[in-house]
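J.: pasting the structure only:
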């Protein structure tokens, strides 16, 4: 058996948030934390609410805080959880219910960086080509699945989330700045060059420590700052 302390909150109910403890039968459950949550929902408490989809660490839906660390429930082994295992929703976000945070604001910030190709040259007959070297510049940024583990764990975003774009959006911004096919580098840098949108990052690097894909948003933000300095010098 394994015990989990799980955060519960329903904004529509007239009661404060609480912690519920559930005992999991490990012989009747899969190996991942997401398996345990599904087991609880199916066999103990159908009202337990959480997001999930791919179960393969690809969609980012099941991002939550487990034993104090943001990660994906579908890639965290139950055996890696502490004896007093705790599961909370991602921090610093409004709660829709239980383990489901409201990410509307984060996706609005993502939309602000215009995450699509800007190109004025005529569309080629087949495709816009890149050399292997040019393509390699996207490694470490295109893999982001927008789980927002990094942004939720960023103290700078806790303090200035209304204006600081946060590591997830800025990593995606760097992905397009580094793309040799994109032709709007100047406009993108103009949008980012702001005391809060970009420069509120204080290089705490919680974002890098908590990325379940092993990416380095802190480095990407530093590269954007470097691009701005080189452009303006």
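T.: Arrived safely, thanks for sending. Remember, predicted model here, so these are calculated numbers, not experimental data. Residues are numbered from 1 along each chain as shown.

J.: The residue nearest in space to the middle of the chain: what's it in contact with?
T.: By CA atoms, centre = their mean, the chain has its centre lying nearest to residue 148, at 1.7 Å. Counting by CB atoms under 8 Å, 6 or more residues apart in numbering, residue 148 touches 60, 63, 90, 93, 103, 106, 166, 168. To be clear about C-beta, it is placed using only N, CA and C from the backbone, and glycine gets the same treatment.

J.: let's see 6 Å
T.: Residues in contact with residue 148 (CB atoms under 6 Å, 6 or more residues apart in numbering) are 106, 168.

J.: What residues sit buried inside stretch 44-54?
T.: 48-52 (16 or more other CB atoms under 10 Å).

J.: quick check, nearest of those to residue 81?
T.: residue 50 (15.7 Å; CB to CB).

J.: Look up how far residue 63 lies from the closest one.
T.: 10 Å (CB to CB, to the nearest Å).

J.: Assign a three-state SS to residue 105, would you?
T.: helix (DSSP: H, G, I helix; E, B strand; the rest coil).

J.: Need the pLDDT of it.
T.: Per-residue pLDDT puts residue 105 at 98.

J.: To which secondary structure element is the residue of the chain most remote from its centre assigned?
T.: Distance from the centre of the chain peaks at residue 125, with 36.0 Å (CA atoms, centre = their mean). Assigned by DSSP states H and E, residue 125 falls within no helix or strand.

J.: need the buried residues of stretch 44-54 in CSV with distance to residue 21, can you?
T.: Putting those into CSV (distance: CB to CB, whole Å) gives the following:
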residue, distance to residue 21
48, 12
49, 17
50, 16
51, 22
52, 21
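
J.: Which parts of this protein are strands?
T.: Secondary structure of the chain (DSSP state E): strands at 2-8, 18-24, 63-66, 69-72, 86-88, 95-97, 100-101.

J.: highest average neighbour count across these?
T.: When those are scored by mean count of other CB atoms under 10 Å, the highest mean neighbour count falls to strand 63-66 (a mean of 24).

J.: outside of that strand, which residues touch it?
T.: By CB under 6 Å, 6+ apart, the residues outside strand 63-66 that reach it are 72-73, 76, 87-90, 99, 147, 149.

J.: ok, of those, which one's closest to residue 159?
T.: Checking those one by one against residue 159 (CB to CB), the nearest turns out to be residue 90, at 16.5 Å.

J.: Just list what the helix ranked longest in the chain packs against, helices and strands only.
T.: Counting residues, the longest helix found in the chain (DSSP state H) is helix 217-232. Counting contacts by 3 or more CB pairs under 6 Å, 6 or more residues apart in numbering; DSSP states H and E, helix 217-232 packs against helix 166-177, helix 206-209.

J.: Pull out the buried residues from the first one.
T.: When you say that, I think you mean helix 166-177. In helix 166-177, counting by 16+ other CB under 10 Å, buried: 166-177.

J.: try the shortest one
T.: Neighbour-count burial for helix 206-209, counted by 16+ other CB under 10 Å, picks out 206-208.

J.: Centre of the chain to the longest helix of the chain, how far?
T.: 21 Å (CA atoms, centre = their mean, to the nearest Å).

J.: so it versus helix 166-177, what angle?
T.: With axes from the mean of the first three to the mean of the last three CA atoms, to 10 degrees defining the directions, helix 217-232 sits at 50 degrees from helix 166-177.

J.: still on that earlier bit, and the pLDDT at the residue nearest to the centre of the chain?
T.: So, for residue 148, pLDDT stands at 98.
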